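S.K.: Can you look at this prediction? I've put the sequence above it.
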Amino acid sequence: QVQLVESGGGLVQAGGSLRLSCAASGIIFRLNAMGWYRQAPGKQRELVSAITSGGITNYADSVKGRFTISKDNAKNTMYLQMNSLTSEDTAVYYCNVGRGIVGGTYLPTNYWGQGTQVTVSS
C-alpha cells in the first residue's frame, strides 16, 4: 500500500532553516506529482508547494523565495528546503501524492503522511 513518511521537522529560531523529507513507497514515485501541505493550530490545511513528475514546481505566495521543493526519484524521496523561517511557518507539515498540476492547481489524492512538526521560535 501507499506509505508516506515525513521527517526533518523540529524547533528552530526565526531566520533559521530546516529541510523536510518525505519518503514514499507503494507508488511509482517518478510518475507522480507530490505536494507539501501544512496545518497550523486553528487553521485549515494549506498547500505550501508542489512538484510534478517532470519537475515543474509551484509555491504558495507566503513561501516563494524562501522554500524550495525537490525530489530524488532514485531515492523515492521528496524534500522541502525551508529558509528564513518565521513564526508564521509554525505548523505540522504533511506530504501528499498528487494526480498532477492542472492549470496551476495541484490535484491531491487521499494519500497523506503522518506529518512532521515545525516550530519556529521568535
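M.R.: Sure thing, it's come through.

S.K.: Give me the residue at the spatial middle of this protein.
M.R.: The residue lying closest to the centre of the chain (C-alpha atoms, centre = their mean) is residue 36, at 2.3 Å.

S.K.: and the gap between that residue and residue 122?
M.R.: 22 Å (C-beta to C-beta, to the nearest Å). Glycine gets a C-beta too; all of them are placed from N, C-alpha and C.

S.K.: next one: residue 63
M.R.: Relative to residue 122, and taking C-beta to C-beta, residue 63 is found at 17 Å.

S.K.: neighbour count winner among the two?
M.R.: Shown here are residue 63 and residue 122; by other C-beta atoms under 10 Å, residue 63 has more neighbours (21 against 9).

S.K.: max-length strand in this protein?
M.R.: strand 91-102 (DSSP state E).

S.K.: Now do the buried residues in it.
M.R.: Buried residues in strand 91-102, counted by 16 or more other C-beta atoms under 10 Å: 91-98, 101.

S.K.: Let me know the closest of those residues to residue 23.
M.R.: For those, the closest approach to residue 23 (C-beta to C-beta) belongs to residue 95, at 9.0 Å.

S.K.: Specify the beta-bridge partners of that closest one.
M.R.: residue 36 (DSSP bridges).

S.K.: OK, contacts around it?
M.R.: The neighbours of residue 95, taking C-beta atoms under 8 Å, 6 or more residues apart in numbering as the test, are 4, 6, 20, 22, 24, 34-37, 78, 112-113.

S.K.: out of these, which are inside strands?
M.R.: Of these, the ones assigned to strands by DSSP E are 4, 6, 20, 22, 24, 34-37, 78, 112.
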